[in-house]
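Novice: Just to be clear, the model below is a prediction. Sequence and coordinates:
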Amino acid sequence: MVADRVLSRVRRIVIRVLALVLCLATPAVAQNVPSSPFSTAIIVNGVGISHYHIDQAIRMNQALTDDRDPRAQAERMLISDTLYMQEAARLEIKVLDREVREGMAEYAARSNLTVEEFVQALNRNGVQAETFESFVRAGLAWRKVISNLYSTWVQQIAASEVEELVEFQPSEAIEQINLSEIVLPANSSVRQEANAKARQIKETITTSEAFSAEAKSVSRAESRDNGGRIGWIPMSQIPPAMHSTLRTTSLGTVSEPVFLNDFLYIFFVHNYRSQASGIQPAAIDYATLTVAAASPQEADSLANSLAANTANCALLRRAAADFADDAFNRRVVLSTSTDYALIPRELENLDNNEIAVRKEVSGRPAARQLIMLCDRIFIRDREVLADLISRVRLAKLESYSNRHLSELRANANIIRK
């Protein structure tokens, strides 16, 4: 009997110990069990976005773009798509299946592929056709929303408002050159050393970045603080003794040294152009992208990387997907507009598709603004005039689109689970 009681007591102790171990272990096990891929990750105004949808969006973004933070971009895209569809439903706007098929074909054609080939490429990256279809449907819905709300306003930009700009047609073109410079003292006592240094620069420097660094290090001109950058300058403002050397220097290379008034001049030639003398363009087409980081150093690195790797305004728009809805802005400003005097001053020294980086952004030390010149528009015929009107309308529509999406996002009830 005593043995039975002891055994019974031991059993109860063992059971309690096992129960305690299981209770302690359960949370740790639960933490290692992944959520169901179809469970809800984000709720937008009562509509759920599953982990599966996020995974699909990540895979599609990785297949189509080179995002620095694919998950954050995927979540942002899906939230926007959900808001697009909700706003379309509020306005009783529908997207037909035929329109979706045409939209998918249009998107695939950008890569010179058929829809079937494009979907197969996505499949190889784990993206289902339904994900691509939903993405296109949401984009078409949003296009209809913006057209429904704002197209009447935009159409008010009549041709008559632009036609008066025809008088700004360039009647005479002048030659301009985009330069950086290094200026070295070269009087009789140091001319031999200056010649040797100039020859070294000519033979070893092959990029504008290297030339800029060298200018900051050795140049005696005021432009050294800006990496030797002069920017666009009419050839008529350059001493005639330098013309022959500059005209025979290939784009993107360093010139032969030019001796003038006890100084040696070495130039890096960025570009050439002809532009109307004393006549402003009919309009300026430009884009800005504001980026922010954790520190000023990180902001500089991010902005400089984007500037070096962004070839045109369309690619700058694509890069903006990684940032806030209102981070990107593209404008076409008519020279007759009061806004013309307010365009960023950095544009004066930019050629098409060049970028300047502004470091002072509304008092935010860790923010930078990229300013890109998309085009200077001179009206030479009716076709250019029609194109200008179209550009102005599209730029205004995009501005309204960005503003409307920002308002929807600000007012949305977004819950991350």
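Specialist: On my side now, so go ahead.

Novice: Now do the helices in this protein.
Specialist: Using DSSP state H, the helices of the chain run over 2-32, 51-64, 70-90, 97-109, 115-124, 129-155, 159-163, 191-204, 208-218, 240-247, 296-309, 313-319, 382-411.

Novice: Tell me which residues of the fourth one come out buried.
Specialist: Within helix 97-109, the residues that qualify as buried by neighbour count (16 or more other C-beta atoms under 10 Å) are 99-100, 103-104, 107-108. For every residue, glycine as well, the C-beta is placed using N, CA and C.

Novice: Run the angle between that helix and helix 115-124 for me.
Specialist: 70 degrees (axes from the mean of the first three to the mean of the last three C-alpha atoms, to 10 degrees).

Novice: hmm, back to that, want to try CSV for the helices of the chain, with mean pLDDT as columns?
Specialist: Output for these, formatted as CSV (pLDDT from 0 to 100):
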stretch, mean pLDDT
helix 2-32, 36
helix 51-64, 89
helix 70-90, 93
helix 97-109, 93
helix 115-124, 93
helix 129-155, 91
helix 159-163, 56
helix 191-204, 92
helix 208-218, 93
helix 240-247, 91
helix 296-309, 91
helix 313-319, 89
helix 382-411, 84
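
Novice: any chance of these in CSV, plus distance to residue 351?
Specialist: Shown next, in CSV, are these (distance: least, C-beta to C-beta, whole Å):
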stretch, distance to residue 351
helix 2-32, 56
helix 51-64, 29
helix 70-90, 31
helix 97-109, 30
helix 115-124, 35
helix 129-155, 29
helix 159-163, 24
helix 191-204, 24
helix 208-218, 13
helix 240-247, 16
helix 296-309, 14
helix 313-319, 13
helix 382-411, 18
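
Novice: Residue 107 reaches residue 136, doesn't it?
Specialist: Yes: with contact defined as C-beta atoms under 8 Å, residue 107 reaches residue 136; the gap is 6.1 Å.

Novice: which one of the buried residues of helix 97-109 sits closest to residue 343?
Specialist: Ranked by distance to residue 343 (C-beta to C-beta), the buried residues of helix 97-109 are led by residue 107 at 32.8 Å.

Novice: and the closest one, what is it in contact with?
Specialist: Going by C-beta atoms under 8 Å, 6 or more residues apart in numbering, residue 107 touches 118, 132, 136.

Novice: Would you convert the residues you listed into TSV that also reports distance to residue 298 and neighbour count?
Specialist: Listed next are these as TSV, based on distance: C-beta to C-beta, whole Å; neighbours: other C-beta atoms under 10 Å:
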residue	distance to residue 298	neighbour count
118	36	21
132	34	23
136	35	22
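
Novice: If we ignore the residues flanking it in sequence, what's nearest the residue positioned nearest the centre of the chain?
Specialist: Nearest to the geometric centre of the chain sits residue 316, at 2.7 Å (C-alpha atoms, centre = their mean). The shortest distance from residue 316 to any non-neighbouring residue, by C-beta to C-beta, 6 or more residues apart in numbering, is to residue 310 (5.0 Å).

Novice: Could you check how far the one you found is from residue 289?
Specialist: 9 Å (C-beta to C-beta, to the nearest Å).

Novice: what residues do those two have in common as contacts?
Specialist: In contact with both residue 310 and residue 289: 316, 319, 370, 372, using C-beta under 8 Å, 6+ apart.

Novice: which of these count as buried?
Specialist: 316, 319, 370, 372.

Novice: tell me which of those residues is nearest to residue 268?
Specialist: residue 372 (20.9 Å).

Novice: residues contacting that closest one?
Specialist: When contacts are taken as C-beta under 8 Å, 6+ apart, residue 372 is in contact with 286-289, 310, 312-313, 316, 350, 353-355.

Novice: Put the buried members of those residues into a PyMOL selection.
Specialist: In PyMOL, this line selects whichever of these come out buried by 16+ other C-beta under 10 Å:
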select buried, resi 286+287+288+289+310+313+316+350+353+354+355
